[in-house]
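A.B. asks: Take this sequence and fold it.
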Amino acid sequence: MDLAAEADDLVFECNDGIGRITFNRPEARNAFTFAMYERLAAICEEANRDQSIKVLVLRGAGDKAFASGTDINQFREFKTPQDAIDYENRIDRVLTTLEQCRVPTIAAINGFCTGGGAGIAAACDLRIGTRSAKIGFPIARTLGNCLSMSNVSRLTALIGAARVKDLIFTARLIDATEAASVGLLGEVVEDLAALEKRADEVARLLAGHAPLTLTATKQAVARLQKRLTRDEGEDLILMCYTSQDFREGLDAFLNKRAPQWRGQ
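C.D. replies: As a prediction, the model looks like this:
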């Protein structure tokens, strides 16, 4: 497949019906560039067309992180309110494409799984993590932005409104035990070697099951869940991304200092 030869930052290979997607920026804790988001969506669309692909496994390269969210440098180019809207529209589109992919998706999580990385994991059907997994959305103490509307809707359906508020308000990263107790992880294994083995076992199991049953179940569950539209959340996106606080958070992050929030 031609997708397998593209883009070193997000590597795709498919063998025996199992597609393996590797976020390959270990030096940056596998932070996502805009090109990586687009490539992830393209692979999901390819899986929709290619009946030989039975399941997708998503993982991070190295031993430090699954994915740590969007590369902070991507935000430096924001100049207008439309830039913020376009960014969150991109996230909504990519994660919805992942969530609605025809085949089952498995997130194999080791180490940090934060921000956009946690959003990707939440959009997957199954999540397996190691005991070193740390999951959360620390944006209230880092950038001062907000989640996309599809992310808020998806997380609320997954773990409930009270826990979404707890995670965002406290900006804490939860460990594997707590993540399993609230539904962010379906299974916890000891270490990276065990994770790779278990993810492969589950992928092979699903690849041997009736594909229409799996697809119908995915679609049925999705139809049960109410989602905020982009228009319903545009005012919230603009409130955060065009604020002085967002510029302050970005500058503080890049200069490794504590931000001074003003609520403006």
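A.B. asks: Just say helix, strand or coil for residue 240.
C.D. replies: Classification of residue 240 using DSSP: H, G, I helix; E, B strand; the rest coil returns helix.
A.B. asks: What's the local residue count around it?
C.D. replies: 18 (other C-beta atoms under 10 Å). From N, CA and C alone the C-beta is placed, and that goes for glycine too.
A.B. asks: Residue 64: neighbouring residues, count only.
C.D. replies: For residue 64, the neighbour count with other C-beta under 10 Å is 16.
A.B. asks: Please verify my assumption that it contacts residue 113.
C.D. replies: No - between residue 64 and residue 113 there is no contact under C-beta atoms under 8 Å: 10.9 Å.
A.B. asks: Doesn't residue 83 belong to a strand?
C.D. replies: No - the assignment for residue 83 (three-state DSSP) gives helix, which keeps it out of a strand.
A.B. asks: Looking at the closest residue to it other than its chain neighbours now. What's its pLDDT?
C.D. replies: Excluding the flanking residues, the one nearest residue 83 by C-beta to C-beta, 6 or more residues apart in numbering is residue 77, at 7.1 Å. With respect to pLDDT, residue 77 scores 77.
A.B. asks: pretty sure residue 77 is in contact with residue 86, am I right?
C.D. replies: No - here residue 77 lies out of contact with residue 86, judged by C-beta under 8 Å, at a distance of 10.8 Å.
A.B. asks: all helices of the stretch 151-264 of the chain, in order?
C.D. replies: In the stretch 151-264 of the chain, the helices defined using DSSP state H, counting those that start in this stretch lie at 161-170, 176-182, 192-207, 211-224, 230-241, 244-254.
A.B. asks: Helices of the stretch 1-150 of the chain, residue ranges please.
C.D. replies: Counting by DSSP H, counting those that start in this stretch, residue ranges of the helices within the stretch 1-150 of the chain are 34-49, 81-99, 116-123, 149-159.
A.B. asks: Deepest in the core, which of those helices is it.
C.D. replies: Highest mean neighbour count among the helices of the stretch 1-150 of the chain (mean count of other C-beta atoms under 10 Å): helix 116-123, with a mean of 26.
A.B. asks: distance between it and the chain's centre?
C.D. replies: 2 Å (C-alpha atoms, centre = their mean, to the nearest Å).
A.B. asks: shaky segments in the chain?
C.D. replies: Residues of the chain that meet the criterion pLDDT under 70 lie in 1-7.
A.B. asks: what sits against residue 199?
C.D. replies: Applying C-beta atoms under 8 Å, 6 or more residues apart in numbering to residue 199 gives the contacts 57, 59, 106, 108, 128.
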